[in-house]
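**Student:** Build me a structure from this.
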Amino acid sequence: MDMFSYFLVSGLGGIWLGSQIIWVVGFPRQLKSHKIERTEKNSQETFMLFWLDQYSWIGLTLLSFGIVFFFIGTVY
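**Tutor:** Have a look, this model is predicted:
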């Protein structure tokens with residue numbers, strides 16, 4: 001396999017994993033049009049919202065890089 005086949009396979013893997021994360025968690029709250037809900041500091045709800053936001057950003061990043069790698073693998 002040449003290098004661009006690895007781009008293709010990595011791109012498909014990134015698209016698959018990123019889309020699964022976005023399916024389960026959704027898009028980050030920072031990208032939604034409504035006002036971001038606030039919670040009281042040092043509560044478990046604040047902790048969970050933080051990690052859900054981080055997880056959704058990871059999914060969005062995987063999806064974006066997966067699409068780019070897939071197109072690099074198919075064009076070359």
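**Student:** Next one: Y55 from V68, what distance?
**Tutor:** Distance, Y55 to V68, using C-beta to C-beta, to the nearest Å: 21 Å. All C-beta spots, glycine's among them, are computed from the backbone N, C-alpha and C.
**Student:** more crowded one of the two?
**Tutor:** Under the neighbour definition other C-beta atoms under 10 Å, Y55 and V68 were set side by side, and Y55 has more, 16 against 13.
**Student:** residue closest to the middle of this protein?
**Tutor:** When C-alpha atoms, centre = their mean is applied to the chain, the residue found nearest the centroid is G59 (1.6 Å).
**Student:** now it, what's its secondary structure?
**Tutor:** Under DSSP: H, G, I helix; E, B strand; the rest coil, the three-state class of G59 is helix.
**Student:** Kindly report the same for R38.
**Tutor:** R38 ends up coil, using three-state DSSP.
**Student:** List phi and psi for it.
**Tutor:** Main-chain dihedrals, R38, degrees, to the nearest 10: phi -110, psi 150.
**Student:** Tell me, how many residues neighbour it?
**Tutor:** R38 has 8 neighbours, counted by other C-beta under 10 Å.
**Student:** and it, what does it touch?
**Tutor:** Residues near R38 by C-beta atoms under 8 Å, 6 or more residues apart in numbering: none.
**Student:** separation between it and W16?
**Tutor:** According to C-beta to C-beta, R38 and W16 sit 34 Å apart.
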